[in-house]
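Chemist: fold the following and give me the result.
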Amino acid sequence: PVTKLTAGRAYHEQLARQLADLLLAENRIRRLGSMMTMTDVYCFYNRARGTDLVSPQDLVQAAELLQGLNLGLHVSRLPSGVLVLQVDDFDPAQMNARIADIAASAAGGGGLHSMALARELNVSAVLAREYLLTAEKAGAVCRDDSTEGLSFYPNQFAEYAQAAEAAAAARAAR
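Modeler: Residues are numbered from 1 along each chain as shown. Okay, here's the model as predicted:
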């Protein structure tokens, strides 16, 4: 493992390279939804290091160098303020579509909850909730906030609007 003593001034850069190697090896981060909270990254990375632990500040500083080093990862802040590490080619639209598909399959059973999405995507509950809120903001899913809790369903309002417009156009063409 990289240490401050052995790396000197290049410590954070070497730490960033080691972090990228660990997370990109065997598609680890992709298997975890292509995004991880920095808290999860910290735990995962230090567990892999064993006894020579890295401080949260050093890890964040190293992670912030990833994009400039073109290592395929970068730090991003979600609208809620959660700091995440994600792959450079992460596509929010693709994730939103995937969430809408998962919500469609869960619609008959009371909708999609963040814990169910966390299990489905193999991500933390915090990240699953962020994904759901982002998908909602993008219009991919709708929420039902009831006494049963917060559930999400595929957004069919756009389809209904398109069908209504098509029907109106057909009537006007007659």
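
Chemist: give me the contacts around the longest helix along the chain.
Modeler: Ranked by residue count and defined by DSSP state H, the top helix of the chain is helix 157-173. Residues from elsewhere that reach helix 157-173 (Cβ atoms under 8 Å, 6 or more residues apart in numbering): Gly139, Cys142. The way it works is simple: take the backbone N, C-alpha and C, and place the C-beta from them, glycine included.

Chemist: so how far is it off the chain centroid?
Modeler: Relative to the chain's own centre, helix 157-173 is displaced by 35 Å; criterion: Cα atoms, centre = their mean, to the nearest Å.

Chemist: give me the mean pLDDT for that helix.
Modeler: What helix 157-173 shows for mean pLDDT is 81.

Chemist: send me that helix as CSV with only the CA atoms.
Modeler: Extracted in CSV, the C-alpha atoms of helix 157-173 (Å, rounded to 0.1, in the frame of the first residue of the first chain):
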residue,chain,number,x,y,z
PHE,A,157,-48.3,10.7,-17.5
ALA,A,158,-46.1,11.4,-20.5
GLU,A,159,-47.5,8.4,-22.4
TYR,A,160,-51.1,9.5,-21.5
ALA,A,161,-50.3,13.0,-22.8
GLN,A,162,-48.9,11.7,-26.0
ALA,A,163,-51.9,9.4,-26.5
ALA,A,164,-54.3,12.3,-25.9
GLU,A,165,-52.4,14.5,-28.4
ALA,A,166,-52.5,11.7,-31.0
ALA,A,167,-56.2,11.2,-30.4
ALA,A,168,-56.9,15.0,-30.7
ALA,A,169,-54.8,15.1,-33.9
ALA,A,170,-56.7,12.2,-35.4
ARG,A,171,-60.0,13.9,-34.6
ALA,A,172,-58.9,17.1,-36.1
ALA,A,173,-57.8,15.3,-39.3
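
Chemist: phi first, then psi, for the residue nearest the centre of the chain.
Modeler: With distances taken as Cα atoms, centre = their mean, Met35 lies nearest the centre of the chain, 4.3 Å away. Main-chain torsions, Met35, degrees, to the nearest 10: phi -150, psi 140.

Chemist: check Gln86 too.
Modeler: Gln86 adopts backbone torsions of phi -140, psi 160, taken as degrees, to the nearest 10.
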